[in-house]
Each structure stands twice: as structure tokens, then as C-alpha cells.
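# Here's my sequence, what's the structure:
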Amino acid sequence: MPRVCVIGLDGMCIKCLKRLCEENLTSFLKKMLEDGVTRPLRSVIPPLSGAAWTSLAVGRNPGETGVVDFIIPSKGGPTRVDSSIYKGRAFWDQASSHGLRVAVIEYPMLYPAYPVNGVILSSWVSTCSYPSSLLRKLERVLEHPYMDLGVKHAGQDITGTLEFALRVMSEKNKASEYLLELDDWDLFVDVTVQTDWVLHKTWHLIDERHPLHKAPHDPHVKALFREFWVSLDEHVREVAEGSEVAVILSDHGFGPAWGFFNVASWLRVIGKEKNVYSLMAPRVPYPCGLLYVDSNDCYQSLLKELKELRYRSDIIVKAWSLREIYHGERKHLLPHIAFCVNNWTTPVVWDQENTTVMGEGAYKNQTGTHRLVGIIMVKASHRRTASSLARTGDITSVAKRLLNILIKNQ
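Sure thing, here's the model as predicted:
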């Protein structure tokens, strides 16, 4: 068993976990809640996975990493965030440089894989591993190439999303459990991003206050939902049980989503469509809007327009000037403005084909979206160690505290 394991559950929060425990879907995680130390873990602003997982790994804020989403601006045009953001800086690299044996499985944006004192496995853009021979070993174990599942993401369909999430998670878990037995790891990192996919589409099944909670639900969807969480819980137990220090954490929290705010349409209405651009993926619901502007005058005008939305449209908008709240050598890569609508409840979309500014219902069948506060759970042989790590409070402090435990006790 690893000395320290770090298990990432994308989007998990205390409210969600307690609800799953009430439904008897997560017996091991319930035991962690009872026997370990659980605290809220504050994400970054904005609470997007690209920004949060990066900041968690390297212990730096978005102004220092330049990352808020999976795409960043560059001289040659928008560029995909890759493993260069981690190399030599991530907590597993620091542990590796101290001679500790590390295994990192499916950490977001960890592509391509690079040398460490151990193994890296990723399928973020395409399957890759360090050492490269690991993929051949996995092919023999799985009896097919890693992540060659013959299916694709089902997009908007809830049933298809659950089925696909189960297939991908099962494949990752088999590989992870194989690697778990390969060595006496000092650090074992395992991230499940499929929790985020599932929570986006099924939050209404968890939240009794959601408008769709009492709507008729397909029994097959409920069965898949149950299977997903039971399978996840069993895998977490497999990795965490027996570790000297087990850390379970998320990159952000989750909450209900309803309606949408179409920022592209709104910019047309106020006559700013030529002065503002965004790297938001088209027609994908985001928990917040991300805007770049072409001048300081436009920047000030846009902030004013966002504030006035409350009086004109009866919606609550909160905006952040990211280049002012963050400091660092890469803050110039950040959007000028990030904003959320109705306290993160109304997703923001960039849909130039839709003239609607404020829409109703579940956009793209998403009933849940991100929140600022996630979760950290720690169980350790020494209660003091667990309490110290769980009290980290902020996602950018996790790496330093993990390294203190790893290197101090080497």
C-alpha cells in the first residue's frame, strides 16, 4: 500500500457526499467522514477545473500559472494547457526529486507524460505514459489498448453520459489498481474526472430543492447513477485503505444549475461584440463568464454594464477583475473579467447562434454546475497529521502541506 495516497474526485462537495451516504451508495466514503477529518476546501476564482487542478498541483494561484481554463491565449492563437505547466513544479515532481517513488494516474492536463521517479499514466489528449512501456504492459493486462473503448462521449444525453462515465472510470480503475500493486509507492495520485461529468447531468437526483427533482426519472438512469457511485466508492476503498495517509479532495464544489445567461447575445445587445472576445467553448455551459477586452475604456464600461444588469434584468451578477485580484508573472494571460450570475446558479454560455440573453430550463441537460467550495478528507495513523492537512483551507496550500508530510517523514 502507498505511504501517502491522494485521490481526486472532480467536483465533489460535502453536501453531495452526505446525500450519497444517506442513499447508502458510498459506504467507504461514509466511514472516512466518520473516522477521518473533513473540511471545506476553497477553490480558486473562477472555480474551473483547469485553474483549480493546476493551482492544486503546483501550489500557485492563477496569476502565477496563467491558467483559468483548459485553453490559454498565446501569440500563435489559443493553446491547449499541457503538462509543461506541471513539469518540475508539481508536488509529485518535488517528491520525485527527493528520491520518493511516485505514481500519477489521470491527473487533468498531464499530457504528454514526462520522466519521474515512478510512473505517469494519462489519456487527457491521447493515451500516454512514462515509461512508454507501461502502455504495452497495460494492454496485456486489459486485453486491449488502454482507453480504447469503442465508444464516445454521448454529449447531451443523460443515459449516454452515465454509461460512458462508467466505462471510462472502470478502465481507469483497473489500470490504477494494477499500478497500485507494482511498487511500494511513497505517493500515489489517482484522479477521477468522471464525477464532474455525472454531477453536471444528475444534480437534480441529489438536490431535493432542484426544480427537476420530483420529475419522473427513468429507472435505468437511477440504476446507472447508483452503479457509478458504488463502483467509485469501491475503488476509493481499494486505493485508500491501508495507506498511512489517505487524502481525498476535489478541485471545486457543486450546486444546482437552472436557466442560462448567453453572454454573446448580451454583448450584441449592448453593442460590445466587436470589443470583447472569449475563449469559452461555444454552446458549452460554464459556471461563469470569461471575457477579454480590447481597451481600458471597454473594460470599465463592461464592468458598469454587468453591475447594472441587476436593475435592468432582475438578476444578480458578481464580477472579478482577475488581473487585479491575482499577482504573478503570468497574470497577463488571464481574462480581464470573470463574472457569475445569480450566485453561480445560472450557467453562462457563449452561443452566437442564439439571440436569447436569459433562458429557462436545464441548458444542454445540465442540472448542476460548479461552486467555490469543494472538500478535503484526510485519514492518517496520527490524528494530528490528518487535522493539520485538512485545515489547509485553500486549494493552493495543499501541495506544500503534502510535501511537508512526504519529505519530513522520508
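# Touching stretch 375-391 from outside, list them.
For stretch 375-391, the surrounding residues in contact (Cβ atoms under 8 Å, 6 or more residues apart in numbering) are 12-14, 17, 29, 32-33, 35-41, 240, 244-250, 253, 392, 398, 401-402, 405. Just so you know, the C-beta spots here come from the backbone N, C-alpha and C atoms, and that holds for glycine as well.
# quick one: which helix or strand includes K379?
strand 373-380 (DSSP states H and E).
# distance between that strand and the chain's centre?
15 Å (Cα atoms, centre = their mean, to the nearest Å).
# could you measure the residue nearest the centre of the chain against F70, distance?
Taking Cα atoms, centre = their mean, the centroid of the chain lies closest to S49, which sits 3.6 Å from it. Counting by Cβ to Cβ, to the nearest Å, the gap from S49 to F70 is 8 Å.
# Return the members of the contacts of stretch 375-391 classed as buried.
For the contacts of stretch 375-391, a neighbour count by 16 or more other Cβ atoms under 10 Å gives the buried set as 12-14, 17, 29, 32-33, 36-39, 41, 240, 244-250, 253, 392, 398, 401-402, 405.
# Which residue ranges of the stretch 101-250 of the chain form strands?
Using DSSP state E, counting those that start in this stretch, the strands of the stretch 101-250 of the chain run over 102-105, 118-122, 128-130, 187-192, 245-249.
# possible to save those strands as a markdown table with distance to A57 and mean pLDDT?
Shown next, in a markdown table, are the strands of the stretch 101-250 of the chain (distance: least, Cβ to Cβ, whole Å; pLDDT from 0 to 100):
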| stretch | distance to A57 | mean pLDDT |
| --- | --- | --- |
| strand 102-105 | 9 | 98 |
| strand 118-122 | 12 | 98 |
| strand 128-130 | 16 | 97 |
| strand 187-192 | 9 | 98 |
| strand 245-249 | 12 | 96 |
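# okay, those strands in TSV with distance to K331 next?
Output for the strands of the stretch 101-250 of the chain, formatted as TSV (distance: least, Cβ to Cβ, whole Å):
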stretch	distance to K331
strand 102-105	27
strand 118-122	27
strand 128-130	30
strand 187-192	26
strand 245-249	25
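# And these: which comes nearest H327?
Closest approach to H327 among those (Cβ to Cβ): strand 245-249, 25.0 Å.
# Given the helix or strand following that closest one, what are its sheet partners and their directions?
Next along the chain after strand 245-249, taking DSSP H and E as the criterion, comes strand 253-256. Partners of strand 253-256 in the sheet, by DSSP bridges, are strand 368-371 (antiparallel).
# CA-only coordinates of the partner strand in CSV, if you can.
What follows is strand 368-371, C-alpha atoms only, in CSV (Å, rounded to 0.1, in the frame of the first residue of the first chain):
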residue,chain,number,x,y,z
GLY,A,368,-25.7,21.1,-11.8
THR,A,369,-22.6,23.4,-12.0
HIS,A,370,-19.5,24.4,-10.1
ARG,A,371,-19.3,26.2,-6.8
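# Now do K31: how many residues are near it, please.
16 (other Cβ atoms under 10 Å).
# tell me the phi and psi of it?
Here is the backbone geometry of K31 (degrees, to the nearest 10): phi -60, psi -40.
# any idea how far it is from N404?
Taking Cβ to Cβ, one finds K31 at 26 Å from N404.
# same deal with F164?
Separation of F164 from N404 (Cβ to Cβ) stands at 39 Å.
# Compare the two (neighbour count), which wins?
Using other Cβ under 10 Å, the more surrounded residue of F164 and N404 is F164, with 20 against 13.
# Tell me the spacing between the more buried one and R209.
From F164 to R209 the distance is 28 Å (Cβ to Cβ).
# how far away is L9 from V198?
11 Å.
# Would you map the helices across the chain?
In the chain, the helices defined using DSSP state H lie at 14-22, 27-35, 49-58, 62-65, 91-97, 133-142, 158-180, 194-206, 219-240, 263-269, 296-313, 322-325, 383-390, 398-408.
# so which of these gets nearest G289?
Nearest to G289, of all those, is helix 263-269, at 4.7 Å by Cβ to Cβ.
# just the CA coordinates of the closest one, formatted as PDB?
Extracted C-alpha coordinates of helix 263-269, given in PDB (Å, rounded to 0.1, in the frame of the first residue of the first chain):
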ATOM      1  CA  VAL A 263     -23.000  36.400 -22.900                       C
ATOM      2  CA  ALA A 264     -22.500  36.500 -26.700                       C
ATOM      3  CA  SER A 265     -26.100  37.700 -27.200                       C
ATOM      4  CA  TRP A 266     -25.900  40.200 -24.400                       C
ATOM      5  CA  LEU A 267     -22.700  41.700 -25.900                       C
ATOM      6  CA  ARG A 268     -24.600  42.300 -29.100                       C
ATOM      7  CA  VAL A 269     -27.500  44.000 -27.300                       C
END
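# Now L29: closest residue in space, sequence neighbours ignored.
D233 (5.6 Å; Cβ to Cβ, 6 or more residues apart in numbering).
# so what's the one you found up against?
L25, T26, S27, F28, L29.
# just to revisit the earlier point, ok, the residue nearest to the centre of the chain touching F254?
No: taking contacts as Cβ atoms under 8 Å, S49 lies outside contact range of F254: 11.7 Å.
# Return every residue with contacts to both of these two.
Residues touching both S49 and F254 by Cβ under 8 Å, 6+ apart: G11.
# just for the protein, where's the confidence low?
1, 150-156, 311-312, 409-410 (pLDDT under 70).
# got a list of what F261 touches?
Going by Cβ under 8 Å, 6+ apart, F261 touches G289, I315, V341, T346, P347, V348, V349, V357, M358, G359.
# so can I have CSV of those residues showing neighbour count and distance to M169?
Output for those, formatted as CSV (neighbours: other Cβ atoms under 10 Å; distance: Cβ to Cβ, whole Å):
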residue, neighbour count, distance to M169
G289, 27, 30
I315, 15, 36
V341, 24, 31
T346, 24, 29
P347, 29, 24
V348, 29, 28
V349, 24, 27
V357, 19, 37
M358, 17, 35
G359, 17, 31
